[in-house]
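**Q** Kindly return the folded structure for what I paste below:
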Amino acid sequence: MLDVVRIPSLPMSLSWLRPPVAWGLDGAELAIRAGAETDWFVDPSGGEPVTNGPALVGRPPDEDFMLLARVRIDATSTFDAGVLFVHGHERAWAKLCLERSPQATPMIVSVVTRDVSDDCNSEPLVAQEAWLRIAKLGSAFAFHTSDDGRSWRLVRYFALPAREVAVGFEAQSPTGPGCTATFDQIAYSAGRLVDLRDGS
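**A** Numbers count the residues shown, from 1 in each chain. Here you go, the predicted structure:
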């Protein structure tokens, strides 16, 4: 699938790193349908990497930037998720996820992969939606989440061993038959986030 996708609020075009079962763009609302047993994960205990989750990404034109969206998931199985995705190369990437937990509740989860994946559960949620944000600050990245898209909580601060990255959106269903993730209120801004922890 070679579709080039243009979202009006983003300065770069996006393309499919991995194709979805289905997808749609209704104005500025993006929906991605992941198929069964799809994920981006390299288990630190061993096993074959899984990198088949549908991911739509593009290269930002700015050194420092922020990408944010409100994410909703139609989740029925453990680890179903909608994701903001950072891709450096096949062994260096990161995910900020709204994910269905093993307790069948939504949760903010982050995964940073440098050859193997470092998986971290953050905070449980009540709603099946959350605001997620990627901020790039030089060679570092910050993941944030928000209840309203205005006041942000730091989830993770990290670096990736990659000279250039693409960012965008992903859906996954590692243990189930599929999952649809919907992204709206998508926004991009150039410039460096001044303070990681003050809610801005």
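
**Q** What number of residues are in the vicinity of the residue lying closest to Ile73 once chain neighbours are set aside?
**A** Among residues not flanking Ile73 along the chain, Gly82 sits closest, at 4.7 Å (Cβ to Cβ, 6 or more residues apart in numbering). In this view, the C-beta of every residue, glycine as well, is placed from N, C-alpha and C. Using other Cβ atoms under 10 Å, Gly82 is surrounded by 32 other residues.

**Q** for the record, mean pLDDT for the one helix or strand Gly82 maps to?
**A** Element membership of Gly82, judged by DSSP states H and E, is strand 81-89. Mean pLDDT, strand 81-89: 98.

**Q** From here on, call the first residue 471.
**A** Let's use 471 as the start, then, which means that last one is strand 551-559.

**Q** so how far is Leu602 from the residue most central in space within the chain?
**A** By Cα atoms, centre = their mean, the chain has its centre lying nearest to Leu554, at 1.6 Å. Separation of Leu554 from Leu602 (Cβ to Cβ, to the nearest Å) stands at 5 Å.

**Q** which neighbours do these two share?
**A** Common contacts of Leu554 and Leu602 (Cβ atoms under 8 Å, 6 or more residues apart in numbering): 538-539, 541, 566, 613.

**Q** which stretches of this structure aren't confidently modelled?
**A** Along the chain, the model assigns pLDDT under 70 to residues 471-472.

**Q** Check the gap between Tyr658 and Gly516 for me.
**A** 38 Å.

**Q** Neighbour count for these two, which is higher?
**A** Applying other Cβ under 10 Å to Tyr658 and Gly516 shows that Tyr658 carries more neighbours, namely 19 against 7.

**Q** in the sheet, who's paired with the more buried one?
**A** Tyr658 forms beta bridges with Leu537, as assigned by DSSP bridges.
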